[in-house]
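K.L.:
Okay, predicted coordinates and the sequence, questions at the end:
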Amino acid sequence: MQVKQGKIDTDTPVPTWQDGLDLSNDGQADLATEIMNIMEQGILVWSEDGICELHNTRIFDVLEISGADLTIGTERDEFRDNSLSHGQISDHDRAWSDALIKAHQPYSFDLTLPSGRVVQTSARPARGGGYVVTFTDVSESRRVARDLANAKIMAEMAEGRAKDILATERSRQAEAKMLGSLDEWLQSCKSLDELFMIVTKFMDKLLPGTAGQLYVYSNSRDVLDGVCSWPSGDLHDHISPDSCWALRRGRAYEYEAAAMCFLCDHAKADGAVAPSEYICVPIVAHGDTVGLLHIRFDTGQDGAVHVRDSSEFSVRCGEHISMAIANVKLRDELHDQSIRDPLTGLYNRRYFLDAMRREISICDRKKRSFGLVSFDADKFKNFNDNHGHDAGDMVLRAIGKKLLDVATPDEVCCRIGGEEFAVIVPNADLARTVELAEELRDAIASTQVRYVDGPLPRVTISAGVSAFPVSGTNPQSLLKKADQALYLAKADGRNCVRSAGDAPPPGVAPRK
């Protein structure tokens, strides 16, 4: 490229960095200096042996240096050493660019000035072995690029948080749906046995890959009975309340072998590998601890827990199971109170009549028979008058206990009212029912009841027996025939059994 009378000769090819720049002509150097001085960039020309041959005045503003830092004749190594000592150039960039200079290759890197401005240093080799270096203030463009990169990072982080929130919400909804389904089934249970069966099925689905057991306090509250487990096995028949840290501490207890934890005694198994991770959740209902939920997470079984926090979800499952057990127990207690005699624990008259109607329906459909025993304590009014009602209650409780001892689980034992009792005997004819009544009479007659400091007089009963369908086909007729037989037993001297076939016609004297 030639410069003539202020014009550039475009006929001469423009040299590239591979060709190098020829600045040997003094006239061209003066013109180049004039052009360089009006440029926004700082420009510096190094000779082949690393001596400053040319620079513009803009370089002082761009690099924030003075004339003492750079003059014609300044050595490149000295200039770069100063930049390194002032922290404007890093050790890495210095070593990297020195290697490229030796190879006569272009290089570029950023300088960070004390003011915080960023200057891009770009060097291109000249034809004679030197270098032309430009210094460009790129602070704004770097800031924009940095802000853009930060904005991108923030956007990605916001997107990640949004995804996490969405995933959490979906997981929460899924958990709520699963617990809602569990609640629906638990609230439909008619008994604790049904509830335990549902817990077994649901927990295996809610927490796949886990193993667990449910324990419930016995009536004596000295042990907890194992009631269900999933998927199978490892269910103790009984565990002690003090064998579990959760029950002793009154809150959920998480065990991890690597953490500062202690293994529950009930989790130890002879000859088996101790669990490395489990949780124990007390089953608490209405402020009363009714059981324990134990869940192991280290089973190694196929399956994955599809919840956000398996321990937290286990605690929530325990809360739902707690309420369900409490509701079933309360319902059972209320139902039991409505059908049980509070003094003897036998069924009451209401349950007795319902049970007899059910038995009549079954026997009528299947062409079977059943027996009915009606009995009462002999001269019970005189007993109350002579010994007091408390003593009378003791006698009634003793009769109820002996009745339950003699009867089988299928036979329905009831206290009709006062000193009157009745027994429904399934699958029995009149003769079999008389045998049961005689067995009961003999057992009560041999019973010794003690009250306060001494024994009470011997108690006897009189019993009447009827049977379906020979004695009647409805509750009223069966009761009437049994009562008539009972009147006859009273008339025959008490402490005996009579059947409906022995009963006298209507008009017999009432019981005394």
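P.N.:
Structure's in. What do you need?
K.L.:
same question for the top helix by length along the chain, mean pLDDT?
P.N.:
Determined from DSSP state H, the single longest helix within the chain is helix 139-187. Computed over helix 139-187, the mean pLDDT rounds to 88.
K.L.:
what about stretch 325-338, distance to the chain center?
P.N.:
The chain centroid and the centroid of stretch 325-338 are separated by 27 Å under Cα atoms, centre = their mean, to the nearest Å.
K.L.:
in this protein, which spans are helices?
P.N.:
Going by DSSP H, the chain shows helices at 26-37, 58-63, 76-85, 91-102, 139-187, 192-206, 245-249, 310-339, 349-366, 380-387, 389-406, 430-445, 475-491.
K.L.:
Confidence-wise, which of these is weakest overall?
P.N.:
helix 26-37 - the lowest mean pLDDT of these, at a mean of 70.
K.L.:
any idea how far Gly212 is from Arg458?
P.N.:
Using Cβ to Cβ, to the nearest Å, Arg458 is found at 55 Å from Gly212. C-betas here are computed from N, CA, C, even on glycine.
K.L.:
Between these two, point out the one with more neighbours.
P.N.:
A direct count of neighbours by other Cβ atoms under 10 Å for Arg458 and Gly212 places Gly212 higher, at 27 against 13.
K.L.:
what's the burial count for the residue nearest to Leu182 when sequence neighbours are not counted?
P.N.:
In space, not counting the residues next to it along the chain, Leu182 is nearest to Phe202; the distance is 5.0 Å by Cβ to Cβ, 6 or more residues apart in numbering. Phe202: 20 surrounding residues under other Cβ under 10 Å.
K.L.:
now do the one 4 residues further on
P.N.:
Using other Cβ under 10 Å as the criterion, Leu206 is surrounded by 23 other residues.
K.L.:
who touches it in this structure?
P.N.:
178, 182, 307, 313, 317 (Cβ atoms under 8 Å, 6 or more residues apart in numbering).
K.L.:
again with Leu456
P.N.:
383, 387, 391, 394-395, 449-450.
K.L.:
Kindly report the same for Arg296.
P.N.:
Neighbours of Arg296 in contact, by Cβ under 8 Å, 6+ apart: 210-212, 275, 277-278.
K.L.:
Check the gap between it and Ser229 for me.
P.N.:
11 Å.
K.L.:
Need the residues touching each of these two.
P.N.:
Common neighbours of Arg296 and Ser229 (Cβ under 8 Å, 6+ apart) are 211-212.
K.L.:
sorry, back to before: quick one: the helices of the chain as a markdown table, columns for distance to Leu372 too.
P.N.:
What follows is the helices of the chain, written out as a markdown table (distance: least, Cβ to Cβ, whole Å):
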| stretch | distance to Leu372 |
| --- | --- |
| helix 26-37 | 126 |
| helix 58-63 | 117 |
| helix 76-85 | 114 |
| helix 91-102 | 105 |
| helix 139-187 | 38 |
| helix 192-206 | 30 |
| helix 245-249 | 48 |
| helix 310-339 | 18 |
| helix 349-366 | 7 |
| helix 380-387 | 21 |
| helix 389-406 | 14 |
| helix 430-445 | 7 |
| helix 475-491 | 5 |
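K.L.:
Of the ones you listed, which is nearest Leu263?
P.N.:
With Cβ to Cβ as the measure, helix 245-249 is the member of those nearest Leu263 (8.8 Å).
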